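Asks: Just to be clear, the model below is a prediction. Sequence and coordinates:
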Amino acid sequence: MDKRFYLEIKHIDKNSGARYGILHTPHGDVEVPMFMPVGTNATLKCLSPEMVKECGSGVILANTYHLHLRPGEEIVKKAGGLHKFMNYDGPMLTDSGGFQVFSLAQKRKITEEGVKFSNYLDGSTDFFSPESAIKIEEALGADIIMSFDECIPYPVTYDYAKKSTERTIRWAKRGQLAHTREDQALFGIVQGGAFRDLREMCAKELAAMDFPGYSIGGTSIGEPKEVCFQMVADAVRYLPQDKPRYLMGVGSIDYLLEGVSLGVDMFDCVLPTRIARHGTLMTSQGRINIQGAQYKEDFTPLDPECDCYTCKHYTKAYLRHLYVAHEDFGKTLNSIHNIRFLIKIMEGARKAIQEDRFNEYKAEVYAKFGDKRGF
């Protein structure tokens, strides 16, 4: 066991199978299950690293593809790595660019060697391979890094999914061979689309490669909710019990809690900060659109059950004023609240798991939020 990075499982809920544990990393220990805020360009929009930590964050994310385009991984490396570059002293994670293979589908071409992208900034050509993605991630210096893969779109034919998944497995092996930094944990990413046998094949093949952790990719990209949960279950079933499991790109309450019940430890999404900047807030009373006229003279806290900086110091009327006046401070306050809201949901999940009452906790949360839990 590498003592710089490993998952210490402290308790498994006897009724649900949900896991509580401590993830040990070179930049500190964090509790799981956890929600990880996303800082695409080595920053969470409108927030300082200190604000993010005050929300209770553990691991935060940065985007390999976008940081490669600007400022470039060599600049980050010269600065001393991502932690020093952006002044965040907690654990960090970088993706590999695999999601951009999906999101920039009109600007890329996939071959066995890798993916050729048309740079959306200046029209130039960038080539990502399993080896070059690892090289970039090693230069960036996050604690946890991802294998290069293809995030398979939904829906696709079985033939497409099979060829893509088999290539992702080959790419995972190439990336593993290219990986040299012992202070970084490289995760394999389970793909396979909505096909159960492909998820099983990919999970088993990656498990045999003995990665320090595993991600579940290709979910929450437009498929029905029940299909997503089946994809996750089909992957988790064949992954090692003693390694962390990371469900990529989900950030609504129902996806988080269902993922936890399936044995997932880590989650990330841009959802809370993105909707916050547009005035949508997650609260214990349900979803709030702060621009509503009903909040013009509402001098009560945004959420009486929240302990974040925003809810302690500001009212709905003030938040509405900032939004209507197009003041950036409002985006900051909204983002603080939404991040803290999801982190607090996960804190409750961790406590419930330790008390063997996660199923009850999930039911309580769903009953409280009703059809608003998905936001």
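Replies: That came in fine, so what should we check first? Numbers count the residues shown, from 1 in each chain.
Asks: For the strand or helix carrying Val30, name the packing helices and strands.
Replies: Assigned by DSSP states H and E, Val30 belongs to strand 28-32. Here strand 28-32 touches strand 19-25, going by 3 or more C-beta pairs under 8 Å, 6 or more residues apart in numbering; DSSP states H and E. Bear in mind the C-beta positions are built from the backbone N, C-alpha and C, glycine included.
Asks: helices or strands up against the strand it packs on?
Replies: strand 6-12, strand 28-32, helix 328-354.
Asks: For Lys163, find the nearest of the ones you listed.
Replies: Closest approach to Lys163 among the helices and strands packed on strand 19-25 (C-beta to C-beta): strand 6-12, 32.3 Å.
Asks: CA atoms only: put that closest one into PDB for me.
Replies: What follows is strand 6-12, C-alpha atoms only, in PDB (Å, rounded to 0.1, in the frame of the first residue of the first chain):
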ATOM      1  CA  TYR A   6      -5.000   5.100  -0.200                       C
ATOM      2  CA  LEU A   7      -8.600   4.800   0.900                       C
ATOM      3  CA  GLU A   8      -9.100   3.800   4.500                       C
ATOM      4  CA  ILE A   9     -12.700   2.400   4.800                       C
ATOM      5  CA  LYS A  10     -13.900   3.100   8.300                       C
ATOM      6  CA  HIS A  11     -17.500   1.900   8.100                       C
ATOM      7  CA  ILE A  12     -19.900   0.300   5.700                       C
END
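Asks: now that strand against strand 28-32, angle please.
Replies: Angle between the axes of strand 6-12 and strand 28-32 is 30 degrees (criterion: axes from the mean of the first three to the mean of the last three C-alpha atoms, to 10 degrees).
Asks: Just the mean pLDDT for strand 6-12, thanks.
Replies: Computed over strand 6-12, the mean pLDDT rounds to 98.
Asks: Could you do stretch 352-370 as well?
Replies: For stretch 352-370, the mean pLDDT works out to 94.
Asks: Okay, the residue nearest the centre of the chain and Ala349: tell me how far apart.
Replies: Nearest to the geometric centre of the chain sits Asp268, at 1.7 Å (C-alpha atoms, centre = their mean). Distance of Asp268 to Ala349, computed by C-beta to C-beta, to the nearest Å: 16 Å.
Asks: contacting residues for Pro240?
Replies: Ala207, Tyr214 (C-beta atoms under 8 Å, 6 or more residues apart in numbering).
Asks: quick one: it from Lys135, how far?
Replies: 27 Å.
Asks: Would you quantify the distance from Phe187 to Asp197?
Replies: 22 Å.
Asks: Mind checking which of the two has more residues around it?
Replies: Phe187 (26 against 12; other C-beta atoms under 10 Å).
Asks: mind showing which ranges of the protein have poor pLDDT?
Replies: 1-2, 370-375 (pLDDT under 70).
Asks: Quick one: classify the residue lying farthest from the centre of it as helix, strand or coil.
Replies: When distances to the mean C-alpha position of the chain are computed (C-alpha atoms, centre = their mean), the maximum falls on Glu297, with 36.5 Å. Under DSSP: H, G, I helix; E, B strand; the rest coil, Glu297 falls in the coil class.
Asks: mind listing what it touches?
Replies: Glu297 sits next to Ala317 when contact means C-beta under 8 Å, 6+ apart.
Asks: again, but for Leu82
Replies: Contact partners of Leu82, counting by C-beta under 8 Å, 6+ apart, are Ala42, Ala62, Val76, Tyr88, Met92, Thr94, Leu140, Gly141, Ala142.
Asks: now Tyr65
Replies: Counting by C-beta under 8 Å, 6+ apart, Tyr65 has contacts Asp95, Gly97, Gln100, Phe117, Phe128.
Asks: any idea how far the fourth one is from Thr310?
Replies: The span separating Phe117 from Thr310 equals 38 Å under the rule C-beta to C-beta.
Asks: Tell me which of those two has more neighbours.
Replies: Set Phe117 next to Thr310 and count neighbours by other C-beta under 10 Å: Thr310 wins out with 25 against 21.
Asks: Quick check: that one vs Ile343, distance?
Replies: Thr310 sits 13 Å away from Ile343, going by C-beta to C-beta.
Asks: cool, Thr219 as well?
Replies: For Thr219, the distance to Ile343 equals 21 Å [C-beta to C-beta].
Asks: again, but for Gly81
Replies: Distance from Gly81 to Ile343, by C-beta to C-beta: 25 Å.
Asks: Same check on Lys162?
Replies: 38 Å.
Asks: So for the two, which residue has more residues nearby?
Replies: Using other C-beta under 10 Å, the more surrounded residue of Lys162 and Ile343 is Ile343, with 21 against 17.
Asks: Comparing the helices and strands packed on strand 19-25, which comes out most buried?
Replies: helix 328-354 (a mean of 22; mean count of other C-beta atoms under 10 Å).
Asks: Beyond that one, next helix or strand please.
Replies: helix 358-369.
Asks: Output the contacting helices and strands for that following helix.
Replies: helix 253-261, helix 328-354.
Asks: Report the strands that pair with the next helix or strand after the shortest one, each with its relative direction.
Replies: On the C-terminal side of helix 253-261, the closest following helix or strand by DSSP H and E is strand 266-268. Partner strands for strand 266-268, per DSSP bridges, with pairing direction: strand 34-36 (parallel), strand 245-247 (parallel).
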